[in-house]
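got a predicted model here, sequence first, then my questions.
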Amino acid sequence: MLAFEFLLKFAYSLIITMVATTFAGATVFSFYKVSRKPGLSFKIMNVPLLGLLTIIISFVTDSKITSAFLFFFAYLFIMRRLSEHLSKFDDVFRAFFLSMGYTRQEYLMNILFKYGKWKLINSMLSFSLITTSILVVLSETRRLIPDQAASITAVLLVLFAIIYAFNWIGERDGNKLSNPE
C-alpha cells in the first residue's frame, strides 16, 4: 500500500516536473540563443534548499497550492541545474566546435541540446524522487506517530538548513580561479 502511494505521488511529481522542465529549458535555451551565458544567477535553488522548502510546504493541506509550489520549485531547480551544465560545457567546448565550422544555431541545437537532454532527465528524476520521498515520509510520520511528527519535522528542517548553509558557503568560497568569468 505504501509503495503504491509512493509511486502515485512520484508519478504526479514527475508530471509537474515535466511541465516545469519545458518552461525551464525554454528559458535557459533562450538565454543561450541571445547571449553567451544567462544574465541571471540561478544558484539559489540547490538540493538542500529544495528539501527545506518541500518540508515547509508539506504542512499545506490544499493540494493545488502544494502543486503550485512544487511547480515553482521544479522550475528553479531545473533551470539552475541545466544552466550550470550548459555553462560548464559551453566554457570548455564552445571555441572548439565553432572553430570546426558549426554555426551558433547548429552548436546550440546539435551540441548543447544533445548533451543537455541527459541533464534534464537526471534533474527531473532527482527532483521528483527528493520531493516525493520527503512528502511521503512526513505524511507517514504524521499518520504513525503524530505526537513525534513535529519534532521529527523540526530536526529535518534544522538539518536541511545546516546543509544549505554549508553548501552556500562552499559555492561562495569555492576556487574562484577555476571558473573564469
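Perfect, I can see it now.

helix or strand next in line after the helix or strand encompassing Arg94, which one?
Under the criterion of DSSP states H and E, Arg94 resides in helix 63-99. Per DSSP H and E, helix 63-99 leads on to helix 104-106 as the next helix or strand towards the C-terminus.

and the average pLDDT for that following helix is what?
For helix 104-106, mean pLDDT is 73.

may I see the buried residues of the next helix or strand along the chain from it?
Note on helix 104-106: by DSSP H and E, the next helix or strand toward the C-terminus is helix 113-144. Neighbour-count burial for helix 113-144, with 16 or more other Cβ atoms under 10 Å as criterion, is recorded at 116, 119-120, 123-124, 126-128, 130-138, 141-142. To be clear about C-beta, it is placed using only N, CA and C from the backbone, and glycine gets the same treatment.

cool, stretch 154-168 as well?
Neighbour-count burial for stretch 154-168, counted by 16+ other Cβ under 10 Å, picks out 156, 160, 163-164.

next, format the residues you listed as JSON lines and append secondary structure, pLDDT and distance to Glu106.
Shown next, in JSON lines, are these (DSSP: H, G, I helix; E, B strand; the rest coil; pLDDT from 0 to 100; distance: Cβ to Cβ, whole Å):
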{"residue": "Leu156", "secondary structure": "helix", "pLDDT": "89", "distance to Glu106": "47"}
{"residue": "Phe160", "secondary structure": "helix", "pLDDT": "87", "distance to Glu106": "42"}
{"residue": "Ile163", "secondary structure": "helix", "pLDDT": "87", "distance to Glu106": "41"}
{"residue": "Tyr164", "secondary structure": "helix", "pLDDT": "84", "distance to Glu106": "39"}
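
excluding its backbone neighbours, what's nearest Phe113?
Distance criterion Cβ to Cβ, 6 or more residues apart in numbering; nearest residue to Phe113, sequence neighbours excluded, is Phe29 at 7.1 Å.

name the element the one you found belongs to?
For Phe29, the element it lies in under DSSP H and E is helix 2-34.

and that helix, how far from the chain's centre?
Here the centre of helix 2-34 is set off from its chain's centre by 9 Å, with Cα atoms, centre = their mean, to the nearest Å.

now do the contacts for Ile56.
The contact partners of Ile56, by Cβ atoms under 8 Å, 6 or more residues apart in numbering, come to Leu157.

and it, helix, strand or coil?
Under DSSP: H, G, I helix; E, B strand; the rest coil, the three-state class of Ile56 is helix.
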